[in-house]
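**Student:** Got a sequence here, can you model it:
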Amino acid sequence: MAVYTDVQPEAAQTLLAQLSLGPLESLTPIGAGIENTNYFVRTPEAVWVLTLFERLSTAELPFYLQLMRHLADRGLPVPAPVAGPEGGLIHEVCGKPAALVNCLSGRDVVAPSLAQIRQAGELSARLHVAAADAPLRQPNLRGPAWREQAAQVVAPYLQGTQAVLLQEELAHQHLSLASADAQHAPQGPVHADMFRDNVLFDGESLSGVIDFYFAGVDHWVFDLAVTLNDWCVDLSSGHLVPEAAQALCEGYAQARTQAGQPVTAAEWRLLPAMRRMAALRFWLSRLADWHLPRAASLLTPKDPAHLERVLQDCRAQPWRPAL
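**Tutor:** Coordinates of the predicted model:
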């Protein structure tokens, strides 16, 4: 989340009137994140989150918004987009496509407990299973083709060992995706960005997951790897914390089994390769944001060095859970 477009109270009030949500009490910019413009919108009855989409096109948005609506209707703790009078989930604010969703309770946790990490694994599995029959399909827009393109963009800023690391990981990605395990591992709509700052807790209890705007169809185990690489690594060194990784995978596996879709042997074999792929994806995006920042009134690019350390650790530790 960030602020690229300044929204005036009048524009927010116009949207609230169109949606019959009452008068505007306050409009507060949200500075976290990097992709879209976000505001908290408060009315006498509720707090909402207004998102103006700065990169995603109107044609791409139905997938994300209908996925969120689908998951919310299934009882999962995700933001539910508000529909307009004719049922549309995409609105227009300041000349840009926009969405308004309910603001979930809770807050993110910087240093989650093992119990909270396990809950994150459980929720990830529940999302995968519940999204399997979502009405729309759209590939992960930060998938292999994007990673190839992003690598070309950031390559001029890399030298020596970093340049070698990038080329080696692109080659490893090709081999991994061509493997028999990758061909047989289940795929479907995934969150693809379930970092700890996108998951909310009320005390020890998980209360919500937000920011679905990197979602797309990909391997379920890739999504698990994305989550593992954030929740289960030391934020200073980038090293894997095995007990945290074990808790996440146990929660994930238990929820998949309870849903009648146990994790396959192919998925567990793929996990080390998918961890490298996930680390590469976020290293690339952070390199691009760091070296080619976009103008915004509230924006703090994240240092790509952390994801480079995570990637190096994935290469050094091809970890799998003891299940």
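**Student:** what mean pLDDT would you report for stretch 106-119?
**Tutor:** Confidence over stretch 106-119 (mean pLDDT, whole number) is 97.
**Student:** Can you classify residue 208 as helix, strand or coil?
**Tutor:** strand (DSSP: H, G, I helix; E, B strand; the rest coil).
**Student:** which residues in the stretch 151-300 of the chain form strands?
**Tutor:** Per DSSP state E, counting those that start in this stretch, the stretch 151-300 of the chain carries strands over the ranges 187-190, 199-202, 205-209, 216-219.
**Student:** May I see the ones you listed organised as TSV, with distance to residue 74, mean pLDDT and mean neighbour count added?
**Tutor:** For glycine as for every other residue, the C-beta is placed from the backbone atoms N, C-alpha and C. Shown next, in TSV, are these (distance: least, Cβ to Cβ, whole Å; pLDDT from 0 to 100; neighbours: other Cβ atoms under 10 Å):
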stretch	distance to residue 74	mean pLDDT	mean neighbour count
strand 187-190	12	98	23
strand 199-202	18	98	20
strand 205-209	13	98	18
strand 216-219	18	98	22
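**Student:** can you put those in a markdown table and add distance to residue 241?
**Tutor:** Listed next are those as a markdown table, based on distance: least, Cβ to Cβ, whole Å:
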| stretch | distance to residue 241 |
| --- | --- |
| strand 187-190 | 23 |
| strand 199-202 | 17 |
| strand 205-209 | 19 |
| strand 216-219 | 23 |
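**Student:** The residue nearest the centre of the chain: what's it in contact with?
**Tutor:** Central residue of the chain (Cα atoms, centre = their mean): residue 193, 1.8 Å from the mean position. By Cβ atoms under 8 Å, 6 or more residues apart in numbering, residue 193 lies in contact with 211, 212, 213, 214, 215, 226.
**Student:** what separates it from residue 100, distance-wise?
**Tutor:** 20 Å (Cβ to Cβ, to the nearest Å).
**Student:** returning to what we had before: nearest to residue 52 among the contacts of residue 193?
**Tutor:** Ranked by distance to residue 52 (Cβ to Cβ), the contacts of residue 193 are led by residue 213 at 11.5 Å.
**Student:** Pull up the gap between that closest one and residue 184, please.
**Tutor:** Distance from residue 213 to residue 184, by Cβ to Cβ: 29 Å.
**Student:** who has more neighbours, those two?
**Tutor:** residue 213 (24 against 12; other Cβ atoms under 10 Å).
**Student:** Where does the residue nearest to the more buried one when sequence neighbours are not counted fall, secondary structure wise?
**Tutor:** Spatial nearest neighbour of residue 213, chain neighbours left out: residue 64 (5.5 Å); criterion: Cβ to Cβ, 6 or more residues apart in numbering. Secondary structure assignment for residue 64, by DSSP states H and E: helix 61-73.
**Student:** can you list the domains in this structure?
**Tutor:** Domain assignment of the chain by automatic domain parsing yields the ranges 9-102, 114-316.
**Student:** Check the average confidence over the first one, would you?
**Tutor:** Model confidence over domain 9-102, given as mean pLDDT, is 95.
**Student:** what's the straight distance from one end of that domain to the other?
**Tutor:** One end of domain 9-102 to the other measures 18 Å (Cα to Cα, to the nearest Å).
**Student:** same deal with stretch 153-167?
**Tutor:** Start-to-end, stretch 153-167 (Cα to Cα) is 13 Å.
**Student:** same thing with stretch 200-216?
**Tutor:** 21 Å.
**Student:** swap in stretch 4-15?
**Tutor:** By Cα to Cα, the extent of stretch 4-15 from end to end equals 19 Å.
**Student:** which other residues reach it?
**Tutor:** For stretch 4-15, contacts defined as Cβ under 8 Å, 6+ apart pick out 23-24, 27, 36-37, 39, 41, 50, 52, 54, 91, 93-94, 96, 98, 100, 294-297, 299.
**Student:** distance between that stretch and the chain's centre?
**Tutor:** With Cα atoms, centre = their mean, to the nearest Å as the basis, stretch 4-15 stands 26 Å off its chain's centre.
**Student:** again with stretch 17-30
**Tutor:** With Cα atoms, centre = their mean, you get 26 Å for stretch 17-30.
**Student:** next one: stretch 103-120
**Tutor:** Here the centre of stretch 103-120 is set off from its chain's centre by 15 Å, with Cα atoms, centre = their mean.
**Student:** same thing with stretch 191-207?
**Tutor:** 11 Å.
**Student:** one step back: looking at the domains of the chain, which is closest to residue 108?
**Tutor:** That would be, of the domains of the chain and by Cβ to Cβ, domain 114-316, which comes in at 4.6 Å.
**Student:** beta partners for the closest residue to residue 29 other than its chain neighbours?
**Tutor:** Leaving aside its sequence neighbours, residue 29 sits nearest to residue 3 (Cβ to Cβ, 6+ apart; 4.6 Å). Legend: beta-bridge partners of residue 3 under DSSP bridges are residue 298.
**Student:** Double-check residue 3 against residue 27; I have them as touching.
**Tutor:** No: counting by Cβ atoms under 8 Å, residue 3 stays clear of residue 27, with 11.3 Å between them.
**Student:** Good, we can wrap up now.
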